[in-house]
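Student: Pasting the sequence and the predicted coordinates here, then a few questions.
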Amino acid sequence: MKLHDFLNVRIADLSVLYTKLHRFHWFVQGAYFDIVHEKCEELYNEASEMYDEFAERLLIIGGTPAATLKEYLALAKISEEGSEVTLEDIYKTLIKDYTFFADELKAGIDIAQEAGDEATADMFIGAITAFEKHVWMFKQTVK
């Protein structure tokens, strides 16, 4: 996969994740409502920053970011579907999604380096660090 295409898929994934995090933020139920509600707000703000950073990076390297919901849904590899409302169900879904992102970005480092783009590889490394830290925290919470 070419770097431009790889970035566009990740932009689409981040758009879906952003929406999914809002759904969790709005519809969480149970004793941990306050905790999950607040955490999801933190997470969707972070996803929004990554989404913008990835799209701007794609523009900088001469690509054109996907920019419509139709494009995002056609490109995204994570699912927008689900009906999670409890802390455990939400965090299990986030473990799956954030692990997927970290794994994809690890592959993206190679794609960026093969294209001679160390700045994009570095951006991916920073995002991996954030995703892996969240996975660890989610796992500790649902133990």
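Tutor: That came through, no problem.

Student: Tell me the residue in the chain that is farthest from the middle.
Tutor: Of all residues in the chain, A31 has its C-alpha farthest from the mean position, at 26.3 Å, by Cα atoms, centre = their mean.

Student: Phi first, then psi, for it.
Tutor: Note on A31: its backbone torsions stand at phi -60, psi -20 [degrees, to the nearest 10].

Student: With L87 as the reference, measure out to it.
Tutor: In this view, A31 and L87 are 8 Å apart by Cβ to Cβ, to the nearest Å. The C-beta positions use only the backbone N, C-alpha and C, and glycine is treated the same way.

Student: same check, this time on V135
Tutor: 15 Å.

Student: same question, Y32
Tutor: Using Cβ to Cβ, Y32 is found at 4 Å from L87.

Student: More neighbours: those two, which one.
Tutor: The neighbour count for Y32 versus L87, taken as other Cβ atoms under 10 Å, is higher for L87 (21 against 16).

Student: Any stretches of this protein with poor pLDDT?
Tutor: Applying pLDDT under 70 to the chain flags no residue at all.

Student: List the buried residues of whichever strand or helix holds D52.
Tutor: Element membership for D52 (DSSP states H and E) is helix 33-60. By neighbour count with 16 or more other Cβ atoms under 10 Å, helix 33-60 contains the buried residues 36, 39-40, 43-44, 46-47, 50-51, 54-55, 57-58.

Student: Go through the residues you listed and say which is closest to D117.
Tutor: Nearest to D117 out of the buried residues of helix 33-60 is R57 (Cβ to Cβ; 8.9 Å).

Student: From L94, how far off is that closest one?
Tutor: 24 Å.

Student: Same question for I125.
Tutor: 21 Å.

Student: do the same with H22
Tutor: 13 Å.

Student: Neighbour count for those two, which is higher?
Tutor: Set side by side, H22 and L94 show more neighbours around L94, with 26 against 15, by other Cβ under 10 Å.
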